[in-house]
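# pasting the sequence and the predicted coordinates here, then a few questions.
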Amino acid sequence: MSAGPAAPAVLATLTGPRTLRRALAGSLLGALVIAGPWSVPAAATGAAPAPAPEQAVVQAGAYGPAAFGTASGPPSRATQRAAALPAPPQDQPPVLADLAVLGESWLTAVSASLAGAVNTELWTMPVTGFPISAGYGIPGGWAAGRHTGTDFAVPTGTPVNAVGPGTVVFAGDWGDYGKAVLIEMADQHYTLYAHLSEIHVQEGQRVNGGVRAGLSGNTGRSTGPHLHFEVRTSRAYGSDVDPLAYLAGHGVATG
Ligand SMILES: [Zn+2]
């Protein structure tokens, strides 16, 4: 029996659990008798793998919470014992590295997702805090025989928001609608803001929810200052849908 093959057993015996010490007591005695205790430091630098039972300790220490310590104290004794053992098999560190990379890419993906949500999924009311003066769909003297939008009773000069992400496809004078803005939304609907006193966007401009489209007014066919807000499924008049239901569908609190 030489000192070489027995070296891992010596190291494991010095640092391992009681059961392992008992199991290896005989070989340890033989190694000490033949090679002497002066052979232990040399054995510690050997490349031989650790005995199987200790590999389980290495894995538990490396992957468990104890490997990272805690706010209330240092890593456990089991981790310290694992740290004193020979290096784990070569396939272990890459696994840890992969986990680290996976965690980093996950964080990156989550960050990008959050940034995307802020940039592209912001929705809001066109104006807030003002009563509805004419609801959607009520019958009347409109060309469609009904009111195709929702009217908000806002004083002239009130900031009017684009309600969501989209592209301005019309900005200017539009007959009965007066100064108006039409936005093609990212979801293929169109939102119309009418009777404005000022227009603050240009055709072709990409907007987000909350971008100021203009200021409210009393232009066009209007009997008093208000915002006519309309939502269509196409550019054509008469393809309107309930504006408040549309906004609610995008998570906007319309109450
Ligand atoms: Zn109206």
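That came through fine. Numbering: from 1, shown residues only.
# switch to C-alpha atoms for all contacts and neighbour counts from now on
Noted.
# enumerate every residue touching residue 183.
162, 166-170, 190-192 (CA atoms under 8 Å, 6 or more residues apart in numbering).
# close enough to count as contact, residue 205 and residue 167?
Yes: Residue 205 is in contact with residue 167 according to CA atoms under 8 Å; the separation is 5.6 Å.
# which one's more surrounded, those two?
Comparing residue 205 with residue 167 by other CA atoms under 10 Å, the one with more neighbours is residue 167, at 21 against 13.
# so who does the closest residue to the ion within the stretch 51-200 of the chain touch?
Taking CA to the ion as the measure, the stretch 51-200 of the chain has residue 151 as its residue closest to the ion, at 4.6 Å. Residue 151 makes contacts with 132-136, 226-229, as judged by CA under 8 Å, 6+ apart.
# could you pull up the mean pLDDT of stretch 243-255?
The average pLDDT within stretch 243-255 is 96.
# just the element for the residue of the stretch 101-250 of the chain found nearest the ion, please.
Nearest residue of the stretch 101-250 of the chain to the ion: residue 228, at 4.1 Å (CA to the ion). If you go by DSSP states H and E, residue 228 is part of strand 227-232.
# I'd like the next helix or strand past that strand.
Strand 227-232 is succeeded, C-terminally, by strand 240-241 (DSSP H and E).
# neighbouring contacts of that following strand?
By CA under 8 Å, 6+ apart, strand 240-241 touches 148-149, 230-233.
# next one: stretch 221-239
126, 144, 148-156, 175-178, 188-196, 216-218, 240-243, 246.
# buried ones among those?
126, 148-156, 177-178, 189-196, 216-218, 240-243 (16 or more other CA atoms under 10 Å).
# follow-up on the earlier one: would TSV of the contacts of residue 183 with distance to the ion, secondary structure and pLDDT be doable?
Listed next are the contacts of residue 183 as TSV, based on distance: CA to the ion, whole Å; DSSP: H, G, I helix; E, B strand; the rest coil; pLDDT from 0 to 100:
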residue	distance to the ion	secondary structure	pLDDT
162	17	coil	98
166	22	strand	97
167	22	strand	98
168	20	strand	98
169	20	strand	98
170	18	strand	98
190	16	strand	98
191	13	strand	98
192	10	strand	98
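# all strands for the stretch 101-250 of the chain, in order.
Along the stretch 101-250 of the chain, the stretches classed as strands by DSSP state E, counting those that start in this stretch are 132-134, 150-152, 159-161, 166-173, 179-185, 190-199, 206-207, 212-216, 227-232, 240-241.
# run through the bridge partners of the residue nearest to the residue of the stretch 101-250 of the chain closest to the ion when sequence neighbours are not counted.
Nearest residue to residue 228, sequence neighbours excluded (CA to CA, 6 or more residues apart in numbering): residue 151, at 4.5 Å. Counting by DSSP bridges, residue 151 is bridged to residue 134, residue 228.
# can you measure across stretch 150-158, start residue to end residue?
One end of stretch 150-158 to the other measures 16 Å (CA to CA, to the nearest Å).
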